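In: Model the structure of this input:
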Amino acid sequence: MQYHFIMITQWALLIENEIVNKVLYDSIMGKGSARKFVIGDIHSHYDQFMEVLDKAGFQYDKDMLISLGDLVDRGPKPIEVVEKVMELKNFIHILGNHDEWCYQFLKYNYKPFIWTSQGGSSTVSAYSGRPELIKKHRDFFEKAKLYYIDEESRLFVHGGYDGDIPFGEQSDNKELLIWDRSLFRKAMEYDQSGKTFDEFKEIFIGHTPTQFIDSSTPLHFSNLWMLDTGVYLSGKLTIMNIETKEYWQSNP
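Out: As a prediction, this is how the structure comes out:
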């Protein structure tokens with residue numbers, strides 16, 4: 001009987017050690033606590049979206065995902081992308097110009113040529129086959145943020161803003177925030193002179209594909225990160241751990 005008791009005790013200690021090791025491993029690997037991720041323009045590329053979430057080990061029950069906008073257009077599965085992000089527990093949606101076009105379509109059936117000729121036609125076609133989702137998705141797009149500033153004073157915005165003017169004076173300028181392409185150019189200038197955008201610790205933008213600067217990976221100028229790696233051009237969608245800057249991309 002004593003022998004069996006010793007064996008059971010040793011087995012219990014072995015199991016306990018395995019549990020402790022598992023907790024330590026998960027902690028080291030970042031699986032034991034919530035992480036924050038930011039993702040570039042998805043543009044209806046659902047399969048690539050699922051691929052990078054898997055590669056990053058995204059934990060649906062606790063991790064946060066910040067989208068820099070442009071969930072739809074230019075790709076084959078806009079509805080699937082929107083449905084998936086609506087399932088995420090901790091999701092922040094920054095409004096992109098393509099999201100705004102989609103919202104105007106869902107609310108007013110507005111289909112300007114400037115939109116349909118730049119990837120909007122595939123979105124119109126997708127919703128024509130799923131009219132029951134129009135109100136649900138319209139309400140979702142209506143809640144998108146023009147920008148997000150986290151507790152570490154990091155700014156997330158789709159396009160950018162005028163770097164020569166305090167952000168607070170233009171924070172409600174929708175057209176500027178979703179269309180701007182001047183901020184990354186100023187960041188490139190700042191990078192050469194060692195200057196930073198002092199209002200924020202870091203800035204993360206989408207909208208401008210890194211292919212415009214001959215790259216298919218995230219670009220870092222001054223304290224600004226460009227995360228739109230042009231999935232519709234390169235096949236590479238990028239998700240980044242905000243804290244560590246480790247990033248994962250879909251296969252072309």
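In: Give me the phi and psi for the nearest residue to residue 158 once chain neighbours are set aside.
Out: Counting by C-beta to C-beta, 6 or more residues apart in numbering, residue 158 lies nearest to residue 69, which is 3.7 Å off, once chain neighbours are set aside. Backbone N, C-alpha and C define where each C-beta goes, glycine included. Main-chain dihedrals, residue 69, degrees, to the nearest 10: phi 100, psi 180.
In: Which residue ranges make up the domains of the protein?
Out: 1-33, 34-249 (automatic domain parsing).
In: would you turn those domains into JSON lines with mean neighbour count and mean pLDDT?
Out: Rendered in JSON lines, the data for those read as follows (neighbours: other C-beta atoms under 10 Å; pLDDT from 0 to 100):
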{"stretch": "domain 1-33", "mean neighbour count": "10", "mean pLDDT": "46"}
{"stretch": "domain 34-249", "mean neighbour count": "18", "mean pLDDT": "98"}
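In: show me where the chain has strands.
Out: 36-39, 64-67, 90-93, 147-149, 154-157, 202-205, 219-221, 224-226, 238-241, 247-249 (DSSP state E).
In: Tell me which of these sits nearest to residue 57.
Out: Nearest to residue 57 among the strands of the chain is strand 247-249 (9.0 Å), distances taken as C-beta to C-beta.
In: ok, residues contacting the closest one?
Out: Contacting residues not belonging to strand 247-249 are listed as 52, 55-56, 216-218, 229, 236-241 [C-beta atoms under 8 Å, 6 or more residues apart in numbering].
In: Dump the strands of the chain into a markdown table; add distance to residue 120 as well.
Out: Shown next, in a markdown table, are the strands of the chain (distance: least, C-beta to C-beta, whole Å):
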| stretch | distance to residue 120 |
| --- | --- |
| strand 36-39 | 21 |
| strand 64-67 | 18 |
| strand 90-93 | 18 |
| strand 147-149 | 24 |
| strand 154-157 | 22 |
| strand 202-205 | 22 |
| strand 219-221 | 27 |
| strand 224-226 | 23 |
| strand 238-241 | 23 |
| strand 247-249 | 25 |
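In: Can you tell me how far the residue lying closest to residue 52 once chain neighbours are set aside is from residue 62?
Out: Distance criterion C-beta to C-beta, 6+ apart; nearest residue to residue 52, sequence neighbours excluded, is residue 239 at 4.3 Å. Going from residue 239 to residue 62 by C-beta to C-beta, to the nearest Å gives 16 Å.
In: Same check on residue 107?
Out: 33 Å.
In: List the contacts of the residue nearest to residue 158.
Out: Contacts of residue 69 (C-beta under 8 Å, 6+ apart): 41, 93-99, 144, 158, 178, 206-207.
In: ok, now with 7 Å
Out: By C-beta atoms under 7 Å, 6 or more residues apart in numbering, the residues touching residue 69 are 41, 94-96, 99, 158, 206.
In: Tabulate these in CSV, adding columns for distance to residue 182.
Out: Shown next, in CSV, are those (distance: C-beta to C-beta, whole Å):
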residue, distance to residue 182
41, 18
94, 18
95, 18
96, 17
99, 21
158, 14
206, 15
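In: So which of those sit within helices?
Out: Judged by DSSP state H, the contacts of residue 69 include residue 99 as members of helices.
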